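Asker: This is a predicted model, with the sequence first.
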Amino acid sequence: MISEPKVKIAYCIPTYKRSNLVAEFLEQFASEYGRRGIDIYIYDSSPDNETRRVAESFQRKMSFLYYFHLSEELHECEKAFRIFQKFGMKKEYDFIWLCGDSTRYAVEAIDVIMPQLSLHYDLVHVDSKDTGEAGDREYDNYCEYFTDCGWHTAVFGDLILNCHTMLKDVCWEKYEADFIREGFIGFAHVCFYFNRFLELPRFRVKHLSTGGSSYCYISKLKKRSGWYHRAFDVLVGDFVRDIDALPDCYMNKDEVIRSHIKAVLIENEESLYQFRIDGVYNADVYNRYKEVLLRVCDIPREHLEKIAFMTAEQAQAELGLRIEKRYQKSLAEFDAFVKKYAEILVYGAGIKGKRFAGYCEAQDIPISGFVVSVKHPDDGPLMGHPVYGLDELTAEQKSYGIYLALNPENQREVRKILEKNGCSENLFFSKELDDYLWFASENTNPDGGENAGKGR
């Protein structure tokens, strides 16, 4: 039996032409959110009626679900400002949780977050990017919070705002005039947060570390950010401009900007090559942002320029050579792993797991099956191999070589679980091999596929 929540929460989803993502969320999560006393608002600006039809079909059985149609002309941050002003809300709420339409918080995450929603806090930061380094803590200094967490606040879904402090008696006309305009609108919500902090009589934030992928993840239906092909204008242009415009009391602006750029745009030179392949980075982009790029990333000027003036074909060839070189260096370690274990299991039945299994087949390396953390009734054989739940593994199978075909967040979690189950020496993962398999698969798809480049 789930008790009534201590506070009233509106979970608000701005969306545009993504009826499939809205349908997935409502089908898989909405009922459990509703049972926990969370009202759900869909703010849709699609030019068609697909999202409306999806929402209305669920409204018949969900009294806590509300749908509003907004103008197609509204930028997503304008919609965020409407939400913060409680547009169309049917009740009074203590907290507003603005969340992207592709972000998925598992029910287990909701049950961790809900008890932390105290009116003592101006906001609760559900940090989906932190995997334990910052941890659970409180902030009472907005400058310290800016330095530690500033770049994370760009993500819709991370902040749950207290309606009685953050959203009460706000001069919205001033905020809209200052930030809902060209050059600032891309991250107007971030500008609002850090300017609003200065208006509060006191500042209190609860930071929750929820970086584990079992808590928060992006729907597989989302292939890439809608603004992917404008990534440099959005992140090197708009984000830098908005952070620079914050009041001078916020120190370490370059540190915040660099953290954001490295995490969501230019992780390394290879990510820049991929952007050149996709036409996202080129000579025009370099000439427009070269001075800012030197400020916000570690890549030398000559490399930034060289990649920008390459053809897409040259960039693809260069990236292929780099990945092939790293792949060849990893082969000796991988061969030793294969020879050490007569049987190999693949942990992970997603894209990475399938790619690795396909590679093994091509190399005549036998695998004994796939392992998933939780096996569902419809998890039948995959690629001709059995699928095991972690709790089904025998003592003998736990001694097999286990390849972790998972993203870094999943790997951290799974390693801890497997180590508790007596597996530690027999685990293996090769980033070089994973990169090689990714590159090979991406370059059979002229569109670049779901992992081409990086996005917010």
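Answerer: Cool, the structure landed. Residues are numbered from 1 along each chain as shown.
Asker: how far away is residue 322 from residue 312?
Answerer: 16 Å (Cβ to Cβ, to the nearest Å). Backbone N, C-alpha and C define where each C-beta goes, glycine included.
Asker: When these two are compared, which one has more neighbours?
Answerer: residue 322 (16 against 13; other Cβ atoms under 10 Å).
Asker: same for the helix or strand that one falls within, what does it pack against?
Answerer: In the assignment (DSSP states H and E), residue 322 maps to helix 312-340. Here helix 312-340 touches helix 269-277, strand 401-404, helix 431-442, going by 3 or more Cβ pairs under 8 Å, 6 or more residues apart in numbering; DSSP states H and E.
Asker: quick one, it and helix 269-277 angle?
Answerer: 140 degrees (axes from the mean of the first three to the mean of the last three Cα atoms, to 10 degrees).
Asker: Sheet partners, orientation included, of the helix or strand just after helix 312-340?
Answerer: Counting by DSSP H and E, the element after helix 312-340 in chain order, helix or strand, is strand 344-347. Here strand 344-347 has these sheet partners by DSSP bridges: strand 369-372 (parallel), strand 401-404 (parallel).
Asker: Out of those, which is closest to residue 243?
Answerer: strand 401-404 (35.9 Å; Cβ to Cβ).
Asker: Buried residues in that closest one, which are they?
Answerer: If you call a residue buried by 16 or more other Cβ atoms under 10 Å, then strand 401-404 has these buried ones: 401, 402, 403, 404.
Asker: Could you dump the residues you listed into TSV and include pLDDT?
Answerer: Shown next, in TSV, are the buried residues of strand 401-404 (pLDDT from 0 to 100):
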residue	pLDDT
401	91
402	92
403	91
404	91
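Asker: Okay, now the unreliable bits of the stretch 51-200 of the chain?
Answerer: 129-134 (pLDDT under 70).
Asker: try 90 this time
Answerer: 74, 90, 103-109, 112, 116, 127-136, 151-152, 154-157, 181-186 (pLDDT under 90).
Asker: How much space separates residue 374 from residue 414?
Answerer: Distance from residue 374 to residue 414, by Cβ to Cβ: 12 Å.
Asker: meant to ask about residue 79, not that
Answerer: 37 Å.
Asker: and what of residue 272?
Answerer: Distance from residue 272 to residue 414, by Cβ to Cβ: 30 Å.
Asker: Equivalent analysis for residue 69, please.
Answerer: Residue 69 is 42 Å from residue 414, by Cβ to Cβ.
Asker: Ok, residue 259 next?
Answerer: 26 Å.
Asker: So these two - more neighbours on which side?
Answerer: The residue with more neighbours, out of residue 259 and residue 414, is residue 414; 23 against 19, by other Cβ under 10 Å.
Asker: Give me the three-state assignment for the more buried one.
Answerer: Following DSSP: H, G, I helix; E, B strand; the rest coil, residue 414 is assigned to helix.
Asker: pretty sure it contacts residue 372?
Answerer: No. With contact defined as Cβ atoms under 8 Å, residue 414 does not reach residue 372; the gap is 10.1 Å.
Asker: Now do the shared contacts for these two.
Answerer: residue 347 (Cβ atoms under 8 Å, 6 or more residues apart in numbering).
Asker: Rebuild the buried residues of strand 401-404 as TSV, extending it with distance to residue 241.
Answerer: Formatted as TSV, the buried residues of strand 401-404 follow (distance: Cβ to Cβ, whole Å):
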residue	distance to residue 241
401	50
402	47
403	44
404	40
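Asker: Now flag whichever of those is closest to residue 280.
Answerer: So of the buried residues of strand 401-404, ranked by how close each gets to residue 280 (Cβ to Cβ), first place is residue 404, at 30.2 Å.
Asker: what residues are up against the nearest residue to the closest one once chain neighbours are set aside?
Answerer: Computed as Cβ to Cβ, 6 or more residues apart in numbering, the closest residue to residue 404 that is not its neighbour in sequence is residue 429, at 4.3 Å. For residue 429, the contact set (Cβ under 8 Å, 6+ apart) comprises 403, 404, 405, 406, 411.
Asker: for the first one, what are its contacts?
Answerer: Residue 403 makes contacts with 337, 344, 345, 346, 347, 356, 428, 429, as judged by Cβ under 8 Å, 6+ apart.
Asker: Mind doing that once more with 10 Å?
Answerer: For residue 403, the contact set (Cβ atoms under 10 Å, 6 or more residues apart in numbering) comprises 334, 337-338, 341, 344-348, 352-353, 356-357, 360, 367, 371, 426-430, 433-434.
Asker: Enumerate the beta-bridge partners assigned to it.
Answerer: With DSSP bridges as the rule, residue 403 is bridged to residue 346, residue 428.
Asker: do you know how far it is from residue 370?
Answerer: 10 Å.
Asker: can you list residues touching both of those two?
Answerer: Counting by Cβ under 10 Å, 6+ apart, the residues touching both residue 403 and residue 370 are 345, 346, 347, 348, 353, 356, 357.
Asker: circling back: winner for burial among the helices and strands packed on helix 312-340?
Answerer: strand 401-404 (a mean of 24; mean count of other Cβ atoms under 10 Å).
Asker: Run the chain-centre distance for it.
Answerer: 25 Å (Cα atoms, centre = their mean, to the nearest Å).
Asker: just checking, what packs against the strand or helix carrying residue 83?
Answerer: Assigned by DSSP H and E, residue 83 falls within helix 76-84. Under the contact criterion of 3 or more Cβ pairs under 10 Å, 6 or more residues apart in numbering; DSSP states H and E, helix 76-84 touches strand 9-15, strand 38-44, strand 65-69, strand 95-98, helix 172-179, helix 188-197.
Asker: and after the last one, which helix or strand comes next?
Answerer: Put plainly, it is helix 188-197. strand 205-209.
Asker: okay, now residue 375: neighbour count?
Answerer: Neighbour tally, residue 375, other Cβ under 10 Å: 16.
Asker: And the helices in the stretch 1-150 of the chain?
Answerer: 19-25, 31-35, 50-59, 76-84, 107-113, 142-149 (DSSP state H, counting those that start in this stretch).
Asker: Tell me which residues of the longest one come out buried.
Answerer: Okay, so that is helix 50-59. Buried residues in helix 50-59, counted by 16+ other Cβ under 10 Å: 50, 51, 52, 54, 55, 58, 59.
Asker: Ok, stretch 144-153 next?
Answerer: 145, 146, 147, 148, 149, 150, 151, 152, 153.
Asker: if I look at the first one, how far off is residue 103?
Answerer: Right, the one you point to is residue 145. Taken as Cβ to Cβ, the span from residue 145 to residue 103 is 21 Å.
Asker: Then the fourth one?
Answerer: If you measure residue 148 against residue 103 using Cβ to Cβ, the figure is 21 Å.
Asker: How about the second one?
Answerer: In this view, residue 146 and residue 103 are 23 Å apart by Cβ to Cβ.
Asker: Quickly note the distance from residue 83 to residue 393.
Answerer: Counting by Cβ to Cβ - residue 83 and residue 393 are separated by 46 Å.
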